[in-house]
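[1] sharing a model that was predicted from the sequence below.
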Amino acid sequence: MIPPSPPPPASWKFSVRDALIAAGAVTLAGLAVWNVLQNMQGAGLAPGFAFLWQGAGFDVSETLVPYSPADPYARAILAGTLNTLFLAAVSLVLATVVGLIVGLMSVGPSPIARAVAGAYVEIFRNLPKLLVLLVLFVAAVTGLPHVRQALSLGPVHLSNRSLLFPVPVLEPGHALVLAAFGAGCGACWLLARHFARRREAGQAAPPLWPFVLLALGGLPLAVALGLGLPFAWSVPQLAGFDYEGGARVSLQFMVIAVTLALYHGAQIGEVVRGGISAIPRGQTEAAHAIGLTPRQATRYIVVPQAVRIIVPSMNNQYVNLIKNTSIAIAVGYSDLMSVSGTVINQTFRPLEMMLLTMAVYLAICLCVTTQLNRINDRLRLKEGRA
Amino acid sequence: MWKSRRLAPLGQAFRTPLSALLSLATLALCLPLLWVALHWLVLSAVWPWQPAALCQSQTGTCWPFVAEKLNLILFGTYPREELWRPVVTSVLLCAMTVQTGLQMTGRGLPLRLGQTALLWLLALGLSFALMAGGVLGLAPVDSIRWNGLPILLLLSVGAIALAFPAGIVLALARDQDRVPMLARLAAGYIEIARGVPMLTFLFVGIFVLPLMLPPDTRISPVAATLVALIVFHAAYFAEDIRGGLHALPAGQAEAAHALGLPYATTAGRVLLPQAIRRALPSIVNSVIGAYKDTSLVVVVGIHDLTATARMAFSDPEWRSFALEGYFVVGLWFFVTCAFLSMVGRQLHRHSPAR
């Protein structure tokens, strides 16, 4: 990590050179804008974002919000953005799991596991993610069975079109259960802060987990039972040529999520390995010498130090993964990038669309970076206090 | 005790229960995968000297397909009678990369920085001239037909070679405090470029860049893509080099200042040579990333290796051999990236910074 540039001196005098540079930048930008205006006028278009409220007329294959081709472009873009966020969230979790497993394997006691983890990292470091995606996609489309012969594991069905799984049927009353869950979360947070303060003050505090269990599990359950809410599952059933009911994610989505998990899992694995092996051996040896068990040595000596090395690089990894969800366009999953590609082709408004798309990606990445930096700062603060 | 040293790791693998469990779990997971791979690649493969008709009955790699379509995968739709031109271009660019890579690890021809830069400019100019034709009596070839390996190399190597100096300028602009406006512009640009996917830059290059040019000027998709790649990678190189600049002791700049050196000399003779040397490992990483990501140009309609592989297996006669096509492409990327990684590792081992 590079520290950010030093802030400019408090009294920033606007020098002649600054003025010249600013004038140059403004002139260049103005020239580009002027040309864009000229060219758009030539094509009979006036720049502006009003087109966003025209009917889109194209379908977005799978959406998290209700969407129909009659909806305006703005809603299509919203659906694409939500798809990107969903894909990013799923891939982040998968990639972290893969990365942790690979990283721990490569510092573990077994030479066989170490060799396999090393080979895995080496393979994915030397292949472009697009190629991994295309290979997995071809393999999935040709290797998985047709819908009617779908692989079934209980109520979960996997075919070369989609993955189907049962979901609970939602009714209006379930909002209350959700509210109870939210209240439970809030209570847990307050309780955790209270206990932490007591411990800091040197007072004893009971363990947190029974309260968490009670607040997150018990409270919503009590509300559901108290209201006598029905609880049913919507299970996918084979009907004619396709399944009905349940929820589905497309093959495209799964292939992209798996690609990103494998590709970034290798990189996160390297980060984890680097973080753990950066702890000098003397630390563990010293821990053993003062009588800590190997378990305690790992818990109190190695992990806290390794985490502080790992988290800043993880920040980079997560941002890269979010940006890389845009390769979804190559297999036709309707994420933000591919929706804006379609909109550009339909409306021929590349300038507006690309400004919008870049702004959305930038906003997502900035949010994630700020949150992760906050975690990072908190970890560092603890170090100072100890 | 294990007598042979070679078998010692095996002993370690099963010494403790945890270790044995890990080893067994890994083996259980990997042996089936290895078996499938071996089966596909070797045991039930159809070799290039066997008749192609066998591919229909065998389940393994169909090498006759690769033999038949290798030309198409490597060079796409470039005119057959002019094939020597993409071949020479590819060899030239590969040779330049190998030379520069070896030079960084202390082998290869000992050239000075200026000479290397000049050689790169010459090689790139020559490559473009060879591919485009229209000079020296070469028949002109439209850039739509520059496919496969040469376009991948031209775009990746060209973008990296030209983005590097741009990155140096950006890093210096961001890291100086004499013209705060310039530092702010550079910082803003770098942060924006690093916060958006490369595909958005490619889209801007293909769709918006032509609009930004004066009316009635045209820019070919290849040139637009190259510009987008240069502008994008420059931000990443700038951050690498800035990392190197930050690793320098402040005394270096102060001493140069005390000697009365002007800023240009300080930057060019004192700061940059040391900063770049320190930043080389992360620069090599960025180069590998940039090279691999060049394959994304297929999304904006440039036919690089993945696209020509698709051309090869979209021939109805060879429809079911997609994996073979991608395998060849993967092999190429694997070998070239392994070379670049090797350069990076050697830099780590005997870092010339000390």
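    Sure thing, it's come through. Numbering: from 1, shown residues only, chains lettered A, B, ... in the order given.
[2] and for the residue of the stretch 251-386 of chain A found nearest chain B, the neighbour number?
    Across the stretch 251-386 of chain A, no residue is closer to chain B than residue A:350, which sits at 3.4 Å (C-beta to the nearest C-beta). Placement of C-beta: from N, CA and C, glycine included. The tally of other residues near residue A:350 (other C-beta atoms under 10 Å in any protein chain shown) stands at 24.
[3] and the strand or helix carrying residue B:38 with chain A, contact?
    Assigned by DSSP states H and E, residue B:38 belongs to helix B:17-38. Yes: Helix B:17-38 comes into contact with chain A (C-beta under 8 Å from any C-beta of the partner chain), by way of B:18, B:19, B:20, B:22, B:23, B:25, B:26, B:27, B:30.
[4] which strands and helices sit next to that helix?
    Under the contact criterion of 3 or more C-beta pairs under 8 Å, 6 or more residues apart in numbering or on different chains; DSSP states H and E, helix B:17-38 touches helix A:111-125, helix B:8-13.
[5] chain A: strands as residue ranges?
    A:151-153, A:156-158, A:162-165, A:167-168, A:233-234, A:237-239, A:242-244, A:247-250 (DSSP state E).
[6] for chain B, find the nearest of the ones you listed.
    With C-beta to the nearest C-beta, the closest approach to chain B among those belongs to strand A:151-153: 16.9 Å.
[7] what number of residues lie near the closest residue to residue A:247 other than its chain neighbours?
    Leaving aside its sequence neighbours, residue A:247 sits nearest to residue A:167 (C-beta to C-beta, 6 or more residues apart in numbering or on different chains; 4.4 Å). Residues lying near residue A:167 (other C-beta under 10 Å) number 14.
[8] doesn't residue B:270 make contact with residue B:253?
    Yes: in this structure, residue B:253 is within contact of residue B:270 by C-beta atoms under 8 Å, at 7.2 Å.
[9] which of the residues in stretch A:366-377 are buried?
    Along stretch A:366-377, these residues count as buried under the neighbour rule (16 or more other C-beta atoms under 10 Å in any protein chain shown): A:368, A:369, A:372, A:376.
[10] could I have the CA atoms of that stretch written out in PDB?
    Listed next in PDB are the C-alpha coordinates belonging to stretch A:366-377 (Å, rounded to 0.1, in the frame of the first residue of the first chain):
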ATOM      1  CA  LEU A 366     -15.300   3.800  -3.300                       C
ATOM      2  CA  CYS A 367     -17.900   2.500  -0.900                       C
ATOM      3  CA  VAL A 368     -16.100  -0.900  -0.600                       C
ATOM      4  CA  THR A 369     -12.700   0.800  -0.200                       C
ATOM      5  CA  THR A 370     -13.900   3.200   2.500                       C
ATOM      6  CA  GLN A 371     -15.600   0.400   4.500                       C
ATOM      7  CA  LEU A 372     -12.500  -1.900   4.300                       C
ATOM      8  CA  ASN A 373     -10.200   1.100   5.200                       C
ATOM      9  CA  ARG A 374     -12.300   1.600   8.200                       C
ATOM     10  CA  ILE A 375     -11.800  -2.000   9.300                       C
ATOM     11  CA  ASN A 376      -8.100  -1.600   8.600                       C
ATOM     12  CA  ASP A 377      -7.900   1.600  10.700                       C
END
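[11] ok, and what's touching that stretch?
    Stretch A:366-377 is touched from outside by A:311, A:312, A:314, A:315, A:318, A:319, A:322, B:195, with contacts defined as C-beta atoms under 8 Å, 6 or more residues apart in numbering or on different chains.
[12] same deal with stretch A:119-138?
    Outside stretch A:119-138, the residues within contact range by C-beta under 8 Å, 6+ apart are A:102, A:106, A:251-252, A:255-256, A:258-260, A:262-263, A:265-267, A:269-270, A:324, A:327, A:330-331, B:288, B:292-296, B:298, B:306, B:322-323, B:326, B:329-330, B:333-334, B:337-338, B:341.
[13] hmm, 6 Å instead?
    Residues outside stretch A:119-138 that contact it (C-beta atoms under 6 Å, 6 or more residues apart in numbering or on different chains): A:255, A:259, A:263, A:266, A:269-270, A:327, A:330-331, B:292, B:295-296, B:322, B:326, B:330, B:333-334, B:337-338.
[14] check the separation of the first and last residues in it.
    Terminal residues of stretch A:119-138 lie 23 Å apart, using C-alpha to C-alpha, to the nearest Å.
[15] residues of it that come out buried?
    In terms of neighbour count (16+ other C-beta under 10 Å), stretch A:119-138 has its buried residues at A:120-121, A:124-138.
[16] now that stretch: how far from the chain's centre is it?
    20 Å (C-alpha atoms, centre = their mean, to the nearest Å).
[17] taking helix A:111-125 as reference, get the angle to the helix holding residue B:38.
    When axes from the mean of the first three to the mean of the last three C-alpha atoms, to 10 degrees is applied, the directions of helix B:17-38 and helix A:111-125 differ by 50 degrees.
[18] for chain B, which residue occupies the most central location?
    Centroid-nearest residue in chain B, with C-alpha atoms, centre = their mean: residue B:291, separated by 1.8 Å.
[19] what sits closest to it if chain neighbours are left out?
    Leaving out its chain neighbours, the residue that sits closest to residue B:291 by C-beta to C-beta, 6+ apart is residue B:156, at 4.7 Å.
[20] buried sites along the strand or helix carrying the one you found?
    In this assignment (DSSP H and E), residue B:156 forms part of helix B:148-175. By neighbour count with 16+ other C-beta under 10 Å, helix B:148-175 contains the buried residues B:148-164, B:166-168, B:170-175.
[21] ok, stretch A:29-46 next?
    Here stretch A:29-46 shows A:32, A:35, A:36, A:39, A:40, A:45 as buried, counting by 16+ other C-beta under 10 Å.
[22] among those, name the ones in helices.
    Among these, the members falling in helices (DSSP state H) are A:32, A:35, A:36, A:39, A:40.
[23] for the fourth one, what are its contacts?
    Going by C-beta under 6 Å, 6+ apart, residue A:39 touches B:211, B:215.
[24] make it 8 Å
    Counting by C-beta under 8 Å, 6+ apart, residue A:39 touches B:210, B:211, B:215.
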